[in-house]
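> structure of the sequence below:
(chains A and B)
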Amino acid sequence: EIVLTQSPGTLSLSPGERAALSCRASQSVPNNQLAWFQQKPGQAPRLLIYGASHRVAGIPDRFSGSGSGTDFTLAISRLEPEDFAVYYCQRYGGSPFTFGPGTKVDIK
Amino acid sequence: QVQLVESGGGVVQPGRSLRLSCTASGVTFTRFGMHWVRQAAGKGLEWVAVIWPDGSEKYYGDSVKGRFTISRDNSKNTVYLQMNSLRAEDTAVYYCACQWDGNPRAAVDKWGQGTMVTVSS
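Numbers count the residues shown, from 1 in each chain, chains lettered A, B, ... in the order given. Now for the predicted structure:
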């Protein structure tokens, strides 16, 4: 079973700064089937990235995903006020569809 | 436009059972694999279960295996989560979710609003 670890647990940044969130897998993620979700309080998660680097239609291009194998990164080039939220990575493609523990991006 | 609506949540005593429902609209439901994902208050997301479009395959997270059962009634566009032997740690918001074209293996991008389950005496 693939276990996902996310770091840091909390990232405190100011609007306009760049964010880099890490997701590490305990073993190689087959076919880089790694997704990133954003979740705001009281809302369902929103899919941002699939296949490690493919941005979902309608997601701003300040969001980008990279990585392969066991190391993945979600970058937000310039934080907008609406980007302060919790971000989760998830391995999909087969059971179990494990989520990472999440990284909270909050306002410094 | 996919719309998912969960129902059936509530307060239940430890050891008892509860069945959640998720009804889909705007889709050809028989083509859609469906997931359940839960989230305890202030905690992260936990994947619970998935069912294939024809119900032929079902998979579960370790924490619910043997206690929860996912099923579906394609004539009612509804997926169910039968939860038995409930524990306090099952207390969470339960979401159903699917991928836009129904692939059960793909990353989900359609979510319901969630239904709250509280296990307490």
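> look up the closest residue to the residue nearest to the spatial centre of chain B, ignoring the ones flanking it.
The centre of chain B sits closest to B:Trp36, judged by Cα atoms, centre = their mean, with a distance of 3.0 Å. Spatial nearest neighbour of B:Trp36, chain neighbours left out: B:Val48 (4.1 Å); criterion: Cβ to Cβ, 6 or more residues apart in numbering or on different chains. Where C-beta positions appear, they are placed from N, C-alpha and C, glycine not excepted.
> is stretch A:85-103 in proximity to chain B?
Yes. Using Cβ under 8 Å from any Cβ of the partner chain, stretch A:85-103 reaches chain B at A:86, A:88, A:90, A:92-102.
> residues from chain A in reach of chain B?
A:1, A:33, A:35, A:37, A:39, A:44-45, A:47, A:50, A:56, A:86, A:88, A:90, A:92-102.
> and those residues, which of them are buried?
Those of the residues of chain A next to chain B that meet the buried threshold are A:33, A:35, A:37, A:39, A:44-45, A:47, A:50, A:56, A:86, A:88, A:90, A:92-93, A:95-102, by 16 or more other Cβ atoms under 10 Å in any protein chain shown.
> re earlier: tell me which of the residues of chain A next to chain B fall in strands.
Counting by DSSP state E, the part of the residues of chain A next to chain B found in strands is A:35, A:37, A:39, A:47, A:50, A:86, A:88, A:90.
> the second one contacts A:Leu47, correct?
Yes. Taking Cβ atoms under 8 Å as the definition, A:Phe37 is a contact partner of A:Leu47 at 5.7 Å.
> span of stretch B:6-25 from start to end?
12 Å (Cα to Cα, to the nearest Å).
> average pLDDT for that stretch?
Average pLDDT, stretch B:6-25: 98.
> can you pull up the most central residue in chain A?
A:Trp36 (3.7 Å).
> ok, that one - contacts?
The neighbours of A:Trp36, taking Cβ atoms under 8 Å, 6 or more residues apart in numbering or on different chains as the test, are A:21, A:23, A:47-49, A:63, A:65, A:74, A:87-90.
> with adjacent residues omitted, what lies nearest to residue 17?
Assuming you mean chain A. Using Cβ to Cβ, 6+ apart, the nearest residue to A:Glu17 is A:Leu79, at 5.5 Å.
> wrong one, I was asking about chain B
B:Asn84 (4.7 Å).
> just how off-centre is stretch A:5-12 within its chain?
Using Cα atoms, centre = their mean, to the nearest Å, the mean C-alpha position of stretch A:5-12 is found 10 Å from that of the whole chain.
> identify all contacting residues around it.
Here stretch A:5-12 makes contact (Cβ under 8 Å, 6+ apart) with A:19, A:21-26, A:87-89, A:100-108.
> for chain B, which residues are neighbours of chain A?
Going by Cβ under 8 Å from any Cβ, the residues of chain B near chain A are B:35, B:37, B:44-47, B:50, B:59-62, B:95, B:97, B:105-109, B:111-114.
> narrow those residues to just the buried residues.
Using 16+ other Cβ under 10 Å as the burial test, those include B:35, B:37, B:45-47, B:50, B:59-61, B:95, B:97, B:106-109, B:111-112, B:114 as buried.
> let's see which of those residues end up in strands.
Of these, the ones assigned to strands by DSSP E are B:35, B:37, B:45-47, B:50, B:59-60, B:95, B:97, B:111.
> so A:Asn32 touches A:Ala52, yeah?
Yes. Using Cβ under 8 Å, A:Asn32 is in contact with A:Ala52, at 4.1 Å.
> returning to that earlier point: tell me the two of the residues of stretch A:85-103 next to chain B that are most distant?
A:Val86 and A:Gly94 (24.9 Å; Cβ to Cβ).
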